[in-house]
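**Student:** with the input below, show me the fold.
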Amino acid sequence: MVSSTKRLFISYTLLCLISTVFLTGCWDRHEIQDRSFVLAVAIDLADEGLENSTPLETFTEGSGRKPLRLSLQVLSLSPQKRGENSPSKTYVISNTGRSMHEMLRDANGQNSKPLWFEHIQSIIISEAAARKFGLTTLIDLFRRDAEIRWRTKVYITPQDARPFLDFVPQTGEAGGIFIANISRSIKNLHVAGSNTDLGATSVRLDNKVDVVLPAIEMSGKQVKVRSMAVFKKDKFFEYWDEYTVKGAKFLLGIEKAALIAFSCPFHPDETVVFEMFQQETTVTPQIDGDQISFKMNITMRGNIGEISCSGDHDATDRAFMDKAEMMFAQEVQHNIEHALQVMQKAGIDDAGFGQKLKAYEPKTWEKVKDRWDEVFPTIPVETSVKISIQNSGEHK
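**Tutor:** Numbers count the residues shown, from 1 in each chain. I've put the predicted structure just below:
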């Protein structure tokens with residue numbers, strides 16, 4: 001007679017054997033060499049960049065013109081050699097049409113392997129396309145497609161978008177990856193990189209909040225993110241320059257590191273640089289009847305990063321440090337006031353004052369939320385900046 005322990009062992013073994021039938025792997029598995037990975041997308045008007053177009057970049061439909069050009073940067077998995085003269089790691093295919101989805105599907109007719117979109121790094125949109133169609137229309141497919149990740153970086157360019165896909169970085173990495181990474185720097189106040197990916201942009205559009213995106217430009221063999229494209233809701237409005245971007249980041253208090261420079265008070269042609277490594281910002285709404293105002297207190301801590309006239313100064317001298325702290329604070333306050341002026345003139349609350357009002361004074365917010373675009377430009381903001389220099393570096 002078989003013991004109960006032995007019967008249990010036999011039953012367990014049979015169960016394991018039967019289970020392996022259903023655990024033999026993914027039913028839709030594709031080997032990596034059988035995929036074409038799309039790394040970047042460029043969106044233009046169809047009549048932009050005509051010198052790069054071919055008769056194959058279209059397909060026949062029943063009626064209607066093809067107003068958009070969609071270009072894809074695809075990773076080449078063939079062996080590559082490092083170096084400037086080596087073949088590109090990517091190639092580009094384009095299509096024209098009315099529907100992003102149709103253009104993506106038809107692009108498979110130009111490629112020998114299925115296109116995969118899980119690894120898209122960058123979406124570059126021309127200003128002309130954004131002006132004509134609005135941001136919501138252009139990125140709707142990418143917000144809906146489950147394959148596309150919401151950490152994908154979104155850029156606006158005043159130029160044609162497609163040439164960015166032909167860009168070959170000196171670093172040897174694929175262009176789409178390089179372009180995505182240049183806006184992820186946490187030490188450059190001039191770059192509008194925070195909360196500008198596909199997910200953050202989608203949330204802003206859903207909440208009917210103004211959108212800001214990094215602006216990218218190309219000259220020769222160089223690509224640079226150098227300003228910020230501003231949208232009222234999803235309609236392109238204008239560009240903000242680097243100084244305004246810097247002030248907006250001070251307002252938001254989102255930087256973990258930053259450089260602040262001013263002219264030496266004793267040598268106007270020379271420069272003193274403060275390296276900030278900590279910022280604390282408090283924004284408090286003030287309500288007086290129907291009048292709304294804000295108080296903003298900013299505290300920064302950091303080190304002396306550079307003194308171009310260091311031979312004439314002792315950076316450990318308390319009098320010099322006090323003067324430098326005051327000058328740094330004045331420069332930050334001037335930068336913040338400049339950014340506020342630009343924002344209020346445009347009626348775009350990129351610094352989130354409306355969200356602060358909603359959080360601290362919800363009753364007041366309910367009264368003004370439907371006309372916040374009109375109210376925000378009239379609201380006074382009182383700013384106070386305090387700088388604390390913690391260290392003068394390795395050399396006095």
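**Student:** can you give me the strands in the stretch 201-350 of the chain?
**Tutor:** Remark: strands assigned in the stretch 201-350 of the chain by DSSP state E, counting those that start in this stretch are 211-219, 222-232, 235-240, 258-263, 271-288, 291-307.
**Student:** turn the ones you listed into a markdown table, columns for mean pLDDT, mean neighbour count and distance to residue 100.
**Tutor:** Heads up, the C-betas are built off the backbone N, CA and C, glycines and all. Output for these, formatted as a markdown table (pLDDT from 0 to 100; neighbours: other CB atoms under 10 Å; distance: least, CB to CB, whole Å):
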| stretch | mean pLDDT | mean neighbour count | distance to residue 100 |
| --- | --- | --- | --- |
| strand 211-219 | 92 | 21 | 18 |
| strand 222-232 | 89 | 19 | 19 |
| strand 235-240 | 93 | 18 | 18 |
| strand 258-263 | 82 | 17 | 38 |
| strand 271-288 | 88 | 16 | 39 |
| strand 291-307 | 90 | 18 | 41 |
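**Student:** okay, now the unreliable bits of the stretch 51-200 of the chain?
**Tutor:** For the stretch 51-200 of the chain, the stretches with pLDDT under 70 are 51-65, 78-88, 112, 185-187, 193.
**Student:** please read the previous query as pertaining to the stretch 251-396 of the chain.
**Tutor:** Across the stretch 251-396 of the chain, the ranges flagged by pLDDT under 70 are 310-312, 315, 393-396.
**Student:** tell me which residues touch the most centrally placed residue in the chain, please.
**Tutor:** With distances taken as CA atoms, centre = their mean, residue 196 lies nearest the centre of the chain, 3.2 Å away. Residue 196 makes contact with 153, 154, 183, 212, 213, 214, according to CB atoms under 8 Å, 6 or more residues apart in numbering.
**Student:** what bridges to the fourth one?
**Tutor:** The partner list for residue 212 in beta bridges (DSSP bridges) reads residue 230.
**Student:** can you give me the distance of it to residue 156?
**Tutor:** Separation of residue 212 from residue 156 (CB to CB, to the nearest Å): 10 Å.
**Student:** any residues in contact with both of the two?
**Tutor:** With CB under 8 Å, 6+ apart, residue 212 and residue 156 have common neighbours residue 229.
**Student:** on that earlier part again, out of the strands of the stretch 201-350 of the chain, which comes closest to residue 75?
**Tutor:** strand 222-232 (18.3 Å; CB to CB).
**Student:** so this protein: which segments form each domain?
**Tutor:** 32-240, 245-391 (automatic domain parsing).
**Student:** one step back: pull the most distant pair out of the contacts of residue 196.
**Tutor:** Farthest-apart pair in these is 153 and 212; separation 13.3 Å (CB to CB).
**Student:** related to what we said a few turns ago, I'd like the domains of the chain as a markdown table, with distance to residue 17 appended.
**Tutor:** What follows is these, written out as a markdown table (distance: least, CB to CB, whole Å):
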| stretch | distance to residue 17 |
| --- | --- |
| domain 32-240 | 31 |
| domain 245-391 | 55 |
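**Student:** which of these sits closest to residue 8?
**Tutor:** Nearest to residue 8, of these and by CB to CB, is domain 32-240 at 42.8 Å.
**Student:** quick one: mean pLDDT over the strand or helix carrying residue 17.
**Tutor:** Element membership for residue 17, per DSSP states H and E: helix 4-20. Helix 4-20 carries an average pLDDT of 71.
**Student:** mind listing what's buried in that helix?
**Tutor:** Neighbour counts over helix 4-20 (16 or more other CB atoms under 10 Å) mark no residue as buried.
**Student:** got the CA coordinates for that helix in CSV?
**Tutor:** Extracted in CSV, the C-alpha atoms of helix 4-20 (Å, rounded to 0.1, in the frame of the first residue of the first chain):
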residue,chain,number,x,y,z
SER,A,4,0.0,9.1,2.3
THR,A,5,3.4,10.9,2.2
LYS,A,6,4.3,9.1,-1.0
ARG,A,7,0.9,9.9,-2.6
LEU,A,8,1.3,13.5,-1.7
PHE,A,9,4.8,13.6,-3.3
ILE,A,10,3.4,11.9,-6.5
SER,A,11,0.5,14.4,-6.7
TYR,A,12,2.9,17.4,-6.2
THR,A,13,5.2,16.1,-9.0
LEU,A,14,2.3,15.6,-11.4
LEU,A,15,1.0,19.1,-10.7
CYS,A,16,4.5,20.6,-11.4
LEU,A,17,4.8,18.7,-14.7
ILE,A,18,1.3,19.8,-15.8
SER,A,19,2.1,23.4,-14.9
THR,A,20,5.2,23.5,-17.1
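**Student:** quick one: list the elements packing against the next helix or strand after that helix.
**Tutor:** Counting by DSSP H and E, the next helix or strand C-terminal to helix 4-20 is strand 36-45. When contacts are defined as 3 or more CB pairs under 8 Å, 6 or more residues apart in numbering; DSSP states H and E, strand 36-45 packs onto strand 68-75, strand 115-116, strand 122-126, helix 127-133, helix 175-181.
**Student:** partners of strand 36-45, with directions?
**Tutor:** Using DSSP bridges, strand 36-45 pairs in its sheet with strand 68-75 (antiparallel), strand 115-116 (parallel), strand 122-126 (parallel).
**Student:** my guess is residue 263 contacts residue 307. True?
**Tutor:** No. Applying CB atoms under 8 Å, one finds residue 263 not in contact with residue 307, separated by 11.7 Å.
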